[in-house]
Each structure stands twice: as C-alpha cells, then as structure tokens.
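[1] Let me see the structure of the following:
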Amino acid sequence: MSQSTYDIQRAAVIGAGTMGRGIVMCLAAAGLQVKWMDTNPQMLNQALETVGHTWTHNVEQGRIDRAEADRRLARISKVADYAAIHDVDLVIEAVYENLELKQQIFRDLDRWLMPGAILASNTSALDIDAIAAVTARPEQVLGLHFFSPAHIMKLLEVVRGAKTSPEVLQAALALGERMGKVSVVSGNCHGFIGNRMLHPYAKEARMMLLEGSLPFEVDTALQGFGFAMGPFRMYDVVGIDLEWRTRQMSGKGMDAPEVQVDNRLCEMGRFGQKSGDGYYHYEQDSRQAEHDDEVDALVVGVSRGMGYDRRAIGAEEIVDRCVLALVNEGAKILQEGIAQSAHDIDLVYLNGYGFPKEGGGPMAWADKQGLAEIERRLLEFKSRFGEHWQPADLISRLAREGGTFAQVTHG
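    Purely as a prediction, here's the structure:
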C-alpha cells in the first residue's frame with residue numbers, strides 16, 4: 001500500500017476509562033473526527049461529560065477559546081457497536097491491561113473494519129505481536145502507548161511489531177506530530193522502552209526500603225538529583241493498587257521481597273493520592289504529599305519481619321542505585337535494537353518519566369560520567385548486591401573502546 005493510503009482523518013477509540021478520555025481529547029484537538037465506543041454506555045456518557053468540563057476549564061484559563069472547545073466536542077460522537085466504526089482510518093484500543101481481552105477486541109476490529117484501517121493498542125507493556133497475530137492484517141497493527149494523562153503528557157511510544165509495515169509506522173509518526181507529541185519508535189518487548197527501564201529502577205528503590213531507607217528519604221534523594229518526583233510519590237499519583245491488582249490477577253510476583261510494603265499498603269486500602277493515603281498522606285482534594293509516620297513504622301516492621309538488618313543509606317547510594325539501574329537496562333535495550341538510538345531512550349525519560357532536563361536523559365548522563373566509570377560502579381554494586389548488577393555487554397565494550405552510547409544507532 002502506498003503511504004497516501006494512510007491519510008488518517010477518521011479515528012475510533014475503544015474504552016472510556018482515563019486513558020481513553022485522554023486519547024479522544026488528543027485526537028479531537030488535532031482535528032480528527034472521533035467515534036468513541038465502550039461496552040458501558042453510562043461510563044461513556046460520564047467520560048464525554050468529563051471531556052467537556054476539561055475543555056471548558058481550558059477556556060476559563062484562556063488556553064483555548066469557546067469556539068475551539070465547541071469545535072473539538074463536535075468532532076466526537078458516541079457509538080454503540082463495531083458496525084458504527086466500520087469506515088474509520090485508525091482505531092485505538094484503550095481497555096485495561098489484559099491480553100485475552102485485547103485479542104478478542106482485535107479479532108472483532110479485524111472483522112468489522114475496512115481492509116485499509118490501522119489497528120493500534122494503547123498497551124503499556126503487552127506483546128504487540130501476540131495482539132497482531134489474531135488479525136489477518138498484522139502489518140497494519142502497532143502499539144500507540146500514550147502516557148497518562150494523555151492529553152497533557154508529551155510522550156508517545158510508537159511500538160513496532162515484527163510485521164508492522166514501514167508505511168503504517170510513518171502514518172503513526174505523522175499522527176503523533178499532528179497531536180503535538182514527542183514520538184519515539186520502540187521495538188516490541190515487555191514494557192517497551194520506558195516501563196522496561198522503570199522496572200529495575202523501582203525495584204532498587206523498593207529494595208532500599210527493606211535494607212534501611214524510608215520512602216521520603218528515597219524520594220528526597222532522587223528529587224535532589226533533579227527528578228520531577230521520586231518513585232514513591234510517582235506510585236501514589238499513578239495508584240499503588242494497579243500493580244498489586246495485576247499481581248493478584250496473574251498470580252505472579254506476590255511473594256517477591258520488594259513488593260511486600262506495597263502489598264501491605266494496598267491491603268490497608270492505601271492506594272495513593274486517590275484514596276487520600278498511600279506512601280504519603282493527602283488532605284481532602286489536595287495533591288500535597290505529607291510525610292506519614294505510620295508508613296515509616298510499617299516499612300520498618302515489614303523489613304525487620306523479613307529478617308533485614310537495617311542500615312543507614314545515604315542520598316548518594318540511593319541516586320546511584322536507581323539511576324545506574326536505568327542506565328544498565330537502557331544499554332540492554334540499545335544493544336537489542338529495541339531503541340534506535342540512545343537519544344530516543346533519553347527522549348522517553350525526559351518526556352515521560354521526569355528525568356532532569358539538565359541531565360539530558362539517563363544515557364546522555366552516563367556518557368558524561370564516562371562509560372568506564374559507569375562500568376566500575378556497576379561492578380562494585382555486583383560485588384555488594386549480586387549478579388543482576390552485571391554490566392550490559394554494550395557498556396563493557398564501549399568502556400574498553402572509550403566509546404559513548406551516543407555513537408550507537410540502529411536503522
């Protein structure tokens with residue numbers, strides 16, 4: 001198919017949750033006609049109302065005028081079934097993270113949508129190839145991973161499946177530009193670029209709670225380094241219960257040492273900002289995170305109960321362990337060709353995860369330190385904390401050659 005075939009003007013969004021709302025707003029603001037579908041009509045009505053309120057608020061703040069808000073709203077129409085979205089150029093599925101559910105939706109979309117339509121999933125971690133495999137058009141399937149809140153966050157991870165055609169990828173990048181996004185192409189692996197790197201970063205932060213740190217100490221150290229917020233503040237904003245519910249549903253990971261504090265907080269109904277209590281306390285309708293002694297006591301209790309001999313952990317070690325975990329995983333992603341360049345990885349972390357702008361992103365930061373120095377620090381952590389600190393092969397090679405991540409590009 002020629003590139004002109006993929007002139008995306010009409011879109012559909014499946015799902016009226018938080019992500020669906022934000023994606024609909026992005027598309028309508030960029031001038032596309034959007035059909036919006038959810039199996040729960042009441043939820044869809046509420047979602048459309050919320051979108052209207054958000055744009056009215058933008059009008060009151062002087063960001064857009066009333067006429068523009070009305071034009072955007074007029075581009076959105078609610079639909080009840082797949083037959084009603086038959087003629088769209090692109091559909092974005094934005095339901096919760098369950099592979100079987102997404103596969104069923106893609107089977108239906110493949111059957112109902114015209115042959116030239118692009119099918120996209122907003123999954124944040126699931127296998128795009130497993131989703132594409134249930135369709136007769138895998139070359140027209142890809143991931144469009146928006147970041148929450150989608151209408152505000154700049155980052156868009158465009159996930160290339162094994163069979164995604166170059167023309168479909170180009171059409172997705174053109175759409176990203178039209179929506180004003182910073183679009184980064186990622187290969188298909190669990191968590192793509194951003195969330196795959198976040199996993200070891202968050203794991204180190206959580207392990208340090210067991211070894212001797214308190215949540216506010218970890219956050220203060222990383223915010224001191226320049227992060228927009230530390231990992232525990234971030235989990236409070238996102239909702240601590242999301243990963244907890246995923247662990248419960250999958251039956252995997254509930255016993256991992258590093259999640260025991262999270263598990264206990266969730267059992268107490270402390271889900272984060274939305275419930276008023278998480279790692280921090282929040283006064284009603286306030287986003288101000290307040291230090292909570294009850295959480296400190298819980299952390300110490302869980303840690304001692306698991307047999308840890310707690311020690312004081314300084315800010316320097318906190319920053320080093322979290323940031324070097326990011327860098328080492330980023331090196332593996334670059335080595336595997338999941339990211340096309342170190343710059344792409346940095347764009348993801350600057351625009352989606354609050355990495356300090358002056359640091360330039362984790363890979364640029366590592367290049368400034370010198371990769372021989374990065375390797376030395378990783379090997380020191382390996383001797384203290386175990387095999388998972390083994391430096392990525394790419395780091396060892398570049399350290400030997402005196403090279404940098406910036407020199408490595410694919411495609």
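[2] What are the buried residues along the helix or strand of the chain with the lowest mean pLDDT?
    Sorting the helices and strands of the chain by mean pLDDT, DSSP states H and E puts helix 241-250 at the bottom, at a mean of 88. Buried residues in helix 241-250, counted by 16 or more other CB atoms under 10 Å: 241, 242, 243, 244, 247. C-beta here means a position set from N, CA and C on the backbone, and glycine is covered the same way.
[3] Please apply the same query to stretch 261-270.
    Buried-residue list, stretch 261-270, by 16+ other CB under 10 Å: 261, 262, 263, 264, 265, 266, 270.
[4] For the closest residue to the fifth one other than its chain neighbours, give its distance to residue 271.
    Here the nearest residue to residue 265 in space, its sequence neighbours aside, is residue 240; by CB to CB, 6 or more residues apart in numbering that works out to 5.7 Å. For residue 240, the distance to residue 271 equals 5 Å [CB to CB, to the nearest Å].
[5] Give me the common contacts of these two.
    265, 278 (CB atoms under 8 Å, 6 or more residues apart in numbering).
[6] Of these two, give the one with the bigger neighbour count.
    More neighbours surround residue 240 than the other of residue 240 and residue 271, with 26 against 21 (other CB atoms under 10 Å).
[7] where does the stretch 301-411 of the chain have low pLDDT?
    The stretch 301-411 of the chain contains residues with pLDDT under 70 at 411.
[8] now the strands: where do they sit in it?
    For the stretch 301-411 of the chain, applying DSSP state E, counting those that start in this stretch gives no strands.
[9] same check, this time on the stretch 151-300 of the chain
    155-159, 182-186.
[10] and those as JSON lines, adding distance to residue 135 and mean pLDDT?
    Listed next are these as JSON lines, based on distance: least, CB to CB, whole Å; pLDDT from 0 to 100:
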{"stretch": "strand 155-159", "distance to residue 135": "15", "mean pLDDT": "98"}
{"stretch": "strand 182-186", "distance to residue 135": "20", "mean pLDDT": "98"}
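[11] Now do the same contact list for residue 394.
    331, 332, 334, 335, 405, 408.
[12] mind redoing it with 7 Å?
    Shown in contact with residue 394 (CB atoms under 7 Å, 6 or more residues apart in numbering): 331, 334, 335.
[13] Then residue 83?
    By CB under 7 Å, 6+ apart, the residues touching residue 83 are residue 112.
[14] now swap in the one 10 residues further on and tell me
    Contacts for residue 93 (CB under 7 Å, 6+ apart) come out as 14, 15, 102, 105, 121, 122.
[15] can I get the strands of the stretch 151-300 of the chain in a markdown table with distance to residue 291?
    Shown next, in a markdown table, are those (distance: least, CB to CB, whole Å):
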| stretch | distance to residue 291 |
| --- | --- |
| strand 155-159 | 30 |
| strand 182-186 | 34 |
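[16] Deepest in the core, which of the ones you listed is it.
    Ranked by mean neighbour count, these are led by strand 155-159 with a mean of 26 (mean count of other CB atoms under 10 Å).
[17] could you check the angle strand 182-186 makes with that strand?
    30 degrees (axes from the mean of the first three to the mean of the last three CA atoms, to 10 degrees).
[18] pretty sure residue 378 is touching residue 387, no?
    No - Residue 378 is not in contact with residue 387 according to CB atoms under 7 Å; the separation is 11.5 Å.
[19] Cool, thanks, signing off.
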